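K.L.:
turn this into a model:
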Amino acid sequence: MHLMTLGESSATSCGASGYSSTMFPGIGTLINVVAIIGGAGLGIFVGHRLSVKTRTLLTDVLGLATLLGAASALIPMWSSRYVESLPTGWPLLVVLGSLIFGGLIGSALGLEDRLDHLGENLRKKFKASQESPFVEGFVTASLLFAIGPLAILGSISDGMSNGIDQLLLKSTLDFFAAMAFASSLGWGVAVAALPVALSQGFWTVIGLALGEILEGYQVDAMTIVGGVLLIGIGLRLLNIKQVAVGNLLPALAVAPLLAMLVHSFI
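P.N.:
A predicted model of the protein is given here:
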C-alpha cells in the first residue's frame, strides 16, 4: 500500500476517462518509479540541511499521515456495497480471517525477515554504513509504496489500457512521501523503487492478461485489509509498536479470495 489512500474511491471510478490512451502498458509504473527516486533524491538533498530533531519530526508527521490514510482505507468497511455482499456478521470476520490466514502464510514464509535481509544485502551493495538507516528506509518505503490497493488497482487498469489516473495520483503522493522519508532515512527510500517496479509490473501483466478480475466487494475487502496494514506501519513509524507488517502482506491476496468464498457459499 502506498502512503495514503485518500481519494482512492474517486480514483478507482475514473475508468477510461482522463488518461485512457496510454503510450504502452506499464507507463504508469514507470512514472511512479521516477517519482519515488526523484522525491527521495530531493529529500536527501534537503535533508542534509535539516537538524536531527527536524528529521525526526518529519518521520513522526509521516506516521500520523499514514494513520490518516489508514482511516480513509477503512471507510469501505461500512459501505453498502461491501456489507450487502456478505452475510450478516461476516464483513468483519472476512477482514479478521484474511489477516489471520495471511499472517500465518507470511510467518511461514518469513517475509518480514526476507525483507530485512534484502534490505541488508542492498545496504552492503550500495556501501551504506551499518549505522545508517538504509535498511529501515528501504523496508518502510517498500511496504508503504508497494502494498497499497491503489497500486494494485492502478496497475491492473494500466495493463487493461483503461488509463493511468490511479497511478498518477499514487505517484504524486509517493513523491512527497519519498521526499519526507528520505530526509531522515536516506537512500534506502529511493531503492524501494525496485520492489515497486516488480510488484506493480506483476499486476500490470495480470491486468493485461486477465482484464477485470475483482468484483467491487472484493476490492473493498482488499482495501480494508490494506488500511489495517497501514495502521501497523503508522505504529512502527511512531515507535509505538513494531508490528511485523511484512508477514501480513499475504492478507492482501487472501482478502478478495475469502470474500468471494463467503459471498458465494455462505
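
K.L.:
and stretch 135-148, how far out from the chain's middle?
P.N.:
Relative to the centre of its chain, stretch 135-148 is centred 8 Å away, using Cα atoms, centre = their mean, to the nearest Å.

K.L.:
buried residues in the strand or helix carrying Y82?
P.N.:
Following DSSP states H and E, one finds Y82 within helix 80-83. Residues of helix 80-83 classed as buried by neighbour count (16 or more other Cβ atoms under 10 Å): Y82. (C-beta placed from N, C-alpha, C; glycine too.)

K.L.:
what average pLDDT does the one helix or strand F176 maps to get?
P.N.:
Secondary structure from DSSP H and E places F176 in helix 165-185. The predicted model gives helix 165-185 an average pLDDT of 81.

K.L.:
buried ones in it?
P.N.:
Those would be 165-171, 173-185, for helix 165-185 by 16+ other Cβ under 10 Å.

K.L.:
CA atoms only for the helix holding Y82, dumped as PDB, please.
P.N.:
The C-alpha trace of helix 80-83 is given here as PDB (Å, rounded to 0.1, in the frame of the first residue of the first chain):
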ATOM      1  CA  SER A  80     -23.400  -0.800   1.400                       C
ATOM      2  CA  ARG A  81     -21.600  -2.500  -1.500                       C
ATOM      3  CA  TYR A  82     -19.400  -4.400   0.900                       C
ATOM      4  CA  VAL A  83     -21.800  -5.100   3.700                       C
END
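
K.L.:
which elements pack onto it?
P.N.:
Helix 80-83 sits against helix 216-237, with contacts defined as 3 or more Cβ pairs under 8 Å, 6 or more residues apart in numbering; DSSP states H and E.

K.L.:
leaving out sequence neighbours, find the closest residue to G159.
P.N.:
Counting by Cβ to Cβ, 6 or more residues apart in numbering, G159 lies nearest to G207, which is 2.7 Å off, once chain neighbours are set aside.

K.L.:
pLDDT on the helix or strand hosting the one you found, on average?
P.N.:
Taking DSSP H and E as the criterion, G207 maps to helix 193-210. Across helix 193-210, the average pLDDT comes to 84.

K.L.:
also stretch 54-72?
P.N.:
Mean predicted confidence for stretch 54-72 is 80.

K.L.:
buried residues in that stretch, which are they?
P.N.:
Those would be R55, L58, T59, L62, G63, A65, T66, L67, L68, G69, A70, S72, for stretch 54-72 by 16+ other Cβ under 10 Å.

K.L.:
many thanks, I have nothing further to ask.
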